[in-house]
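Trainee: Just to be clear, the model below is a prediction. Sequence and coordinates:
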Amino acid sequence: MASVAGAIFRPRYIRAEQLAAQHGEIYRKLGVRPLINAAGTYTVLSGSLMPERARLAMEEASSCFVRLEELQRAVGARIAQLLGVESAMVTSGGACGILLATAACVTGGDPEKIRRVPNLEGMKNEVIVPREHRNGYDHAARTVGVKLVEVETVDELHRAIGPQTAMLYFTNIFEPKGQIKRQEFIAAGKQAGIPVFNDAAAEIPPASNLSSIFREGFDLVGFSGGKALRGPQSSGLLLGRKELIEAALLNNNPNDDAVGRTSKVGKEEMIGLLTSIEEFLQGDHEADMRQWRGYMESIASDVRGVSTVKAEVYVPGPGAHPIPYLRVQWDQNQLNLKYADCARRLRDGDPSIEVNAGGDGLNLASYNLYPGEERIVGLRLRTMLSQAAKGSTS
Ligand SMILES: *Cc1c(COP(=O)(O)O)cnc(C)c1O
């Protein structure tokens, strides 16, 4: 494997040969069917797959005791150094980053306050959020006991800020939906001396977001570790200003009497995420984009030519993930095949394939496909569409 040819031809994220050979045997033994993921980095589809070096690092980490706080600080310092940010820590997922950011802003480093969460009597208990940024993950902020105060305009934002305000809460991907621009949000926080958090959980690529969002002026930024960073599924990254990360650490495990004790991060996840970040930063992201586009083009050319089928490769604009996708559309009446039924049949087939089906067709995401899988997906889809086309003309 160390040969020159191996170095050239081995794709960076390929599953270990032995895993491919076993074909998900560890899951099949339980009657659980592995799948080809042309849908995206969804938690319900088990996130993403780790690079080999991260898997091996986790195994190595699992075979030796260590003091967890010492490791958390060392891993955080190393990640912060790699990204050129002030401070960082590993969380148990992007959602936990929201929880710990909120807790840090509410309690600071005060041990008495940390113990009392989520009973916030006599403490700052409000978090201000642009209305359009509300989403299911903000449950993690509410876990701390705060009330979410919704605002729509910059004016409303300034009026809502008061002595009860603990944090301003932004969700990066929803910026285009709301009226308040990121710089206005940051400025309001700076003016009032209130920390501003940005949930950027799935905002990679571009890789530059890992450091640029903090440099823009957000005090805390959260990422999921189990999406495009390809870390352990149950990991996340919280980075930001030093005293806030210190406060987040105090609210986290291994401390018993803290709101973050229920979202433990183990030594394996810490080492796994660090290694995944190292791999990610060394990666050739333009080559990845070319490879992903190639997968989408390949599937597109497999299905084009079937009666009424249109296939378009596209990279979505702001408010979505900037990676190559493929939209496949056809005349659902003429082919007598509904988009949702097609997706269900792909799921039920062997191997099981996951895609997104919506009103506008099938949407396939590129970045969780592995070499060769694009052919399996393309041929299955072509067969299904061709059969539907034949049935409709006979
Ligand atoms: C995925 C996601 C999260 C949660 O991240 P996990 O690592 O799955 O906990 C939070 N916020 C947003 C916007 C996300 O897309």
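Mentor: Arrived safely. Numbering: from 1, shown residues only.
Trainee: Just checking: what are the partner strands of the lengthiest strand in the chain?
Mentor: The single longest strand within the chain, with elements called by DSSP state E, is strand 165-171. When pairs are called by DSSP bridges, strand 165-171 turns out to pair with strand 126-130 (parallel), strand 196-199 (parallel).
Trainee: Just name the most buried of these.
Mentor: The highest mean neighbour count among those, using mean count of other Cβ atoms under 10 Å, belongs to strand 196-199: a mean of 28. (Glycine included, C-beta is placed from N, CA and C.)
Trainee: could you give me the average pLDDT of that one?
Mentor: Here strand 196-199 scores 98 as its mean pLDDT.
Trainee: contacts for it?
Mentor: With Cβ atoms under 8 Å, 6 or more residues apart in numbering as the test, strand 196-199 has contacts from 94, 97-98, 101-102, 105, 137, 167-172, 182, 185-186, 188-190, 213, 217-222, 240.
Trainee: Next secondary structure after that strand?
Mentor: The C-terminal neighbour of strand 196-199 among helices and strands, as given by DSSP states H and E, is helix 209-216.
Trainee: Return the next helix or strand after that following helix as CSV; C-alpha atoms alone will do.
Mentor: Using DSSP H and E, the helix or strand that follows helix 209-216 in sequence is strand 220-224. Backbone C-alpha positions of strand 220-224 (Å, rounded to 0.1, in the frame of the first residue of the first chain) are rendered in CSV as follows:
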residue,chain,number,x,y,z
LEU,A,220,-18.2,31.1,19.5
VAL,A,221,-18.7,28.9,16.4
GLY,A,222,-20.0,25.3,16.4
PHE,A,223,-19.5,22.5,13.8
SER,A,224,-20.6,19.0,13.5
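Trainee: ok, back up a step: could you tell me how far the first helix or strand past the longest strand of the chain going along the chain lies from the centre of the chain?
Mentor: Using DSSP H and E, the helix or strand that follows strand 165-171 in sequence is helix 182-192. Chain-centre distance of helix 182-192: 25 Å, with Cα atoms, centre = their mean, to the nearest Å.
Trainee: mean confidence score for helix 182-192?
Mentor: On average, helix 182-192 scores 98.
Trainee: buried stuff in that helix?
Mentor: Using 16 or more other Cβ atoms under 10 Å as the test for burial, helix 182-192 gives 182, 185-189, 192.
Trainee: and these as a markdown table, adding distance to residue 31?
Mentor: Converted to a markdown table, the buried residues of helix 182-192 look like this (distance: Cβ to Cβ, whole Å):
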| residue | distance to residue 31 |
| --- | --- |
| 182 | 47 |
| 185 | 48 |
| 186 | 50 |
| 187 | 55 |
| 188 | 53 |
| 189 | 51 |
| 192 | 55 |
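Trainee: CSV please, covering the strands paired with strand 165-171 and showing distance to the ligand.
Mentor: CSV is the format used below for those (distance: least, Cβ to the nearest ligand atom, whole Å):
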stretch, distance to the ligand
strand 126-130, 13
strand 196-199, 5
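Trainee: okay if I get those as JSON lines plus distance to residue 275?
Mentor: Shown next, in JSON lines, are those (distance: least, Cβ to Cβ, whole Å):
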{"stretch": "strand 126-130", "distance to residue 275": "33"}
{"stretch": "strand 196-199", "distance to residue 275": "24"}
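Trainee: Ok, which of these comes nearest residue 45?
Mentor: strand 196-199 (20.6 Å; Cβ to Cβ).
Trainee: SS state for residue 233?
Mentor: coil (DSSP: H, G, I helix; E, B strand; the rest coil).
Trainee: Let me know the pLDDT of it.
Mentor: Residue 233 is given a pLDDT of 96.
Trainee: Could you measure from it over to residue 334?
Mentor: 41 Å (Cβ to Cβ, to the nearest Å).
Trainee: One more: residue 56?
Mentor: Residue 56 is 51 Å from residue 334, by Cβ to Cβ.
Trainee: do residue 344 as well
Mentor: Taking Cβ to Cβ, one finds residue 344 at 20 Å from residue 334.
Trainee: Same check on residue 165?
Mentor: 57 Å.
Trainee: Against residue 231, how distant is residue 27?
Mentor: 20 Å.
Trainee: Neighbour count: the two, which is higher?
Mentor: Under the neighbour definition other Cβ atoms under 10 Å, residue 27 and residue 231 were set side by side, and residue 231 has more, 32 against 14.
Trainee: if we can go back for a sec, if you count surrounding residues, which of residue 165 and residue 334 has more?
Mentor: The residue with more neighbours, out of residue 165 and residue 334, is residue 165; 21 against 13, by other Cβ under 10 Å.
Trainee: for the protein, what's the longest helix?
Mentor: Looking across the chain with DSSP state H, the single longest helix is helix 373-393.
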